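Asks: model the following, please.
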Amino acid sequence: MPVQIEIIKVVYIDLKQIMKMFTKKKLVTGFTFVAALGFANIVNAQQVITIQQAVENTLKNNLTIKQAQFSAAISEENLTQSKYALYPNLNASVNPNLTFGRGLDQTTFQVTNQTSLYTSGNLSTNVDLFQGFTKINQIRQNKILLDADKSNIEKVKNDLILNVVNAYLQVLYNTDLERASKDQLDIARKTLARENALLDAGNKTLADVSQAKSQAATAELNLTNAQNALSISYLTLGQLMEMQPSQKFVVQAPLIDNIKTASTTVSAEEIYNNALNIFPDIKLASLRALASKQAIAVAKGAYSPSLSLGAGLNTSYSYQFNYNGLTPQASFADQIDQRLGQSIGMSLQIPIFNGFSARSSVRKAKITYQNNLVQEQLAKNNLNKVIFQATTDLKAAESRYTSTQNAFNAQKDAFYVVEQRYNVGLVNSLDYSTAQTNRNKAEIDFIQAKYDLIFRAKVIDYYLGKQITF
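Replies: Purely as a prediction, here's the structure:
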């Protein structure tokens, strides 16, 4: 079952006044005082979150962003490592060996029957002088890939911001829907009580009471559905902010006057041209295409000869064990010095035939590049489509908001007239029920249109790169 998140109004409790009443022995018991304090703590525990705070909490805590940041950290490490690959390598090795039986005496170089210890040591270095600029091109590609991962972080943040706005407005919509459902249930229950009283007086029939019961039952169901929807929408928003289900909070509703100024005079073409420069989806697609283009240069490096320079030092030490006594040996320092060897050399490798592996790598890199170019164009086309749809939706939402507002006002007036006539017996219960249903539907349509308009306007702000505020 969804976690029920209770919405309560902020209540201000004058604790000094309570203490004053308590000391004057007014009708306040110790239990009442403790209960008042407890209720005050519950109220204060309710965190009121604005849309800006919801966005900030999401950007700070959401795990999807953290995953994108980890990917960028790996790309940064790849870039660092590719730079270090330009440096010479340096390696040392020590190889001790213990031999038994016949073997070569490392001092006299005669074959003897003995137990001996032989240890050799090596120190070598190698540096690539030329590899078809493969390493340089790899560094360039890794720089682009790092920029792409940084853009991906911004893309993830952007997507989450829009999700937060949607979830936030869904909470507001369901909050208003719950309030309207409570009002409708209150009217339905009062009507049912009145019908029962008139039935007892003989002025109404069982059919009238049944109609009123049906209205009340429908209102109760609508309230239950609204409460469940509100709980789920709160849970969704809390999950985006990575909050525990037990953490309770309420959201701050926007000022109604802001809805009238939600429209924008910016054309779809202007919005699209602006989004091309700032929208991370486009930048990400462009960088991925650029990185795949650089990958072609990396792959082509396998066509070129490679030239490397190497140098090394080596020496050894041996010790022979004699069962008849210790055989005199040269000292450790003398052996190391006497057997010291140096080497320096160059290596040139020319690729002649390797199963067309280099050619295959280049071809695959070119195909990947062409695919990423298509992905970039698709991202631009999708952005263009979405923006033009968003501007169309905004205009439609403005018209629908005005229409539903007018319809709701008209239905309220109509219901008021019917209610007055019903109270004096000039309208039957069926007509009254119909008028009430029409009013309720008009109110729900108006609530939905109101938040749909706000959301559509915020989508435009989103593509313009503006901060989402109410």
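
Asks: any idea how far Asn440 is from the closest residue to Leu177 other than its chain neighbours?
Replies: Spatial nearest neighbour of Leu177, excluding adjacent residues (C-beta to C-beta, 6 or more residues apart in numbering): Ala226 at 4.6 Å. Any C-beta I mention is one placed from the backbone N, CA and C, and that applies to glycine too. To Asn440, Ala226 is 12 Å away according to C-beta to C-beta, to the nearest Å.

Asks: please apply the same query to Gly132.
Replies: Applying C-beta to C-beta, the value for Gly132 to Asn440 is 76 Å.

Asks: neighbour count winner among these two?
Replies: Asn440 (22 against 19; other C-beta atoms under 10 Å).

Asks: not counting sequence-adjacent ones, nearest residue to that one?
Replies: The shortest distance from Asn440 to any non-neighbouring residue, by C-beta to C-beta, 6+ apart, is to Gln184 (5.1 Å).

Asks: surely that neighbour is in a helix?
Replies: Yes. Counting by DSSP: H, G, I helix; E, B strand; the rest coil, Gln184 is located in a helix.

Asks: what about it, neighbour count?
Replies: 24.

Asks: ditto for Ala289
Replies: 22.

Asks: in what helix or strand does it lie?
Replies: Applying DSSP states H and E as the criterion places Ala289 in helix 280-300.

Asks: and the next element down the chain from that helix?
Replies: Next element after helix 280-300 (DSSP H and E): strand 306-321.

Asks: render the CA-only coordinates of that next one in PDB, please.
Replies: Output in PDB follows, covering the C-alpha atoms of strand 306-321 (Å, rounded to 0.1, in the frame of the first residue of the first chain):
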ATOM      1  CA  SER A 306      56.400   2.000 -34.500                       C
ATOM      2  CA  LEU A 307      59.800   3.000 -33.200                       C
ATOM      3  CA  SER A 308      60.900   2.500 -29.600                       C
ATOM      4  CA  LEU A 309      64.100   3.100 -27.700                       C
ATOM      5  CA  GLY A 310      65.200   0.800 -24.800                       C
ATOM      6  CA  ALA A 311      68.000   0.600 -22.300                       C
ATOM      7  CA  GLY A 312      68.900  -1.800 -19.500                       C
ATOM      8  CA  LEU A 313      71.300  -2.800 -16.700                       C
ATOM      9  CA  ASN A 314      71.800  -6.400 -15.500                       C
ATOM     10  CA  THR A 315      74.000  -8.100 -13.000                       C
ATOM     11  CA  SER A 316      74.100 -11.300 -10.900                       C
ATOM     12  CA  TYR A 317      75.400 -12.900  -7.700                       C
ATOM     13  CA  SER A 318      76.100 -16.600  -7.000                       C
ATOM     14  CA  TYR A 319      76.900 -18.600  -3.900                       C
ATOM     15  CA  GLN A 320      78.000 -22.300  -3.800                       C
ATOM     16  CA  PHE A 321      77.500 -24.600  -0.800                       C
END
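
Asks: that strand packs against which elements?
Replies: Judged by 3 or more C-beta pairs under 8 Å, 6 or more residues apart in numbering; DSSP states H and E, the packing partners of strand 306-321 are strand 115-130, helix 332-338, strand 341-349.

Asks: one more pass at 10 Å, please.
Replies: strand 89-99, strand 115-130, helix 332-338, strand 341-349 (3 or more C-beta pairs under 10 Å, 6 or more residues apart in numbering; DSSP states H and E).

Asks: which parts of stretch 180-187 are buried?
Replies: Going by neighbour count (16 or more other C-beta atoms under 10 Å), the buried part of stretch 180-187 is 180-181, 184-185, 187.

Asks: and of these, the nearest to Ala333?
Replies: Top of the list for closeness to Ala333, among the buried residues of stretch 180-187 and by C-beta to C-beta, is Ser181 at 95.2 Å.

Asks: am I right that that closest one is in contact with Asn228?
Replies: No. Look at Ser181 against Asn228 with C-beta atoms under 10 Å: they stay out of range, at 11.1 Å.

Asks: mind telling me what element the closest residue to Asn225 other than its chain neighbours is part of?
Replies: Distances taken as C-beta to C-beta, 6+ apart put Ser181 closest to Asn225, at 7.9 Å, once the chain neighbours are dropped. Following DSSP H and E, one finds Ser181 within helix 134-200.

Asks: which is the next helix or strand following that helix?
Replies: Note on helix 134-200: by DSSP H and E, the next helix or strand toward the C-terminus is helix 206-240.

Asks: just the angle between that next one and helix 134-200, please?
Replies: Here the directions of helix 206-240 and helix 134-200 differ by 160 degrees (axes from the mean of the first three to the mean of the last three C-alpha atoms, to 10 degrees).

Asks: sorry, back to before: pick the most deeply packed of the helices and strands packed on strand 306-321.
Replies: strand 115-130 (a mean of 15; mean count of other C-beta atoms under 10 Å).

Asks: next, count neighbours for Glu376.
Replies: 20.

Asks: for the closest residue to Asn354 other than its chain neighbours, give its distance to Leu348.
Replies: Once flanking residues are discounted, Asn354 sits nearest to Ala302: 8.0 Å by C-beta to C-beta, 6+ apart. Taking C-beta to C-beta as the measure, Ala302 falls 15 Å from Leu348.

Asks: do the same with Glu270
Replies: With C-beta to C-beta as the criterion, Glu270 and Leu348 are 59 Å apart.

Asks: same thing with Leu185?
Replies: Counting by C-beta to C-beta, the separation of Leu185 from Leu348 is 89 Å.

Asks: can I get the helices and strands packed on strand 306-321 in TSV including mean pLDDT and distance to Thr175?
Replies: Formatted as TSV, the helices and strands packed on strand 306-321 follow (pLDDT from 0 to 100; distance: least, C-beta to C-beta, whole Å):
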stretch	mean pLDDT	distance to Thr175
strand 89-99	91	65
strand 115-130	90	66
helix 332-338	87	84
strand 341-349	94	72
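
Asks: now these in CSV, with distance to Gln320?
Replies: Below are the helices and strands packed on strand 306-321 laid out as CSV (distance: least, C-beta to C-beta, whole Å):
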stretch, distance to Gln320
strand 89-99, 10
strand 115-130, 4
helix 332-338, 12
strand 341-349, 22
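
Asks: of all those, which lies closest to Ala449?
Replies: Here strand 115-130 is closest among these (C-beta to C-beta), at 67.7 Å.

Asks: and the closest one with helix 134-200, angle?
Replies: 80 degrees.

Asks: strand 115-130 pairs with which strands, parallel or anti?
Replies: strand 89-99 (antiparallel), strand 306-321 (antiparallel) (DSSP bridges).

Asks: OK, contacts around Asn372?
Replies: 285-293, 295 (C-beta atoms under 10 Å, 6 or more residues apart in numbering).
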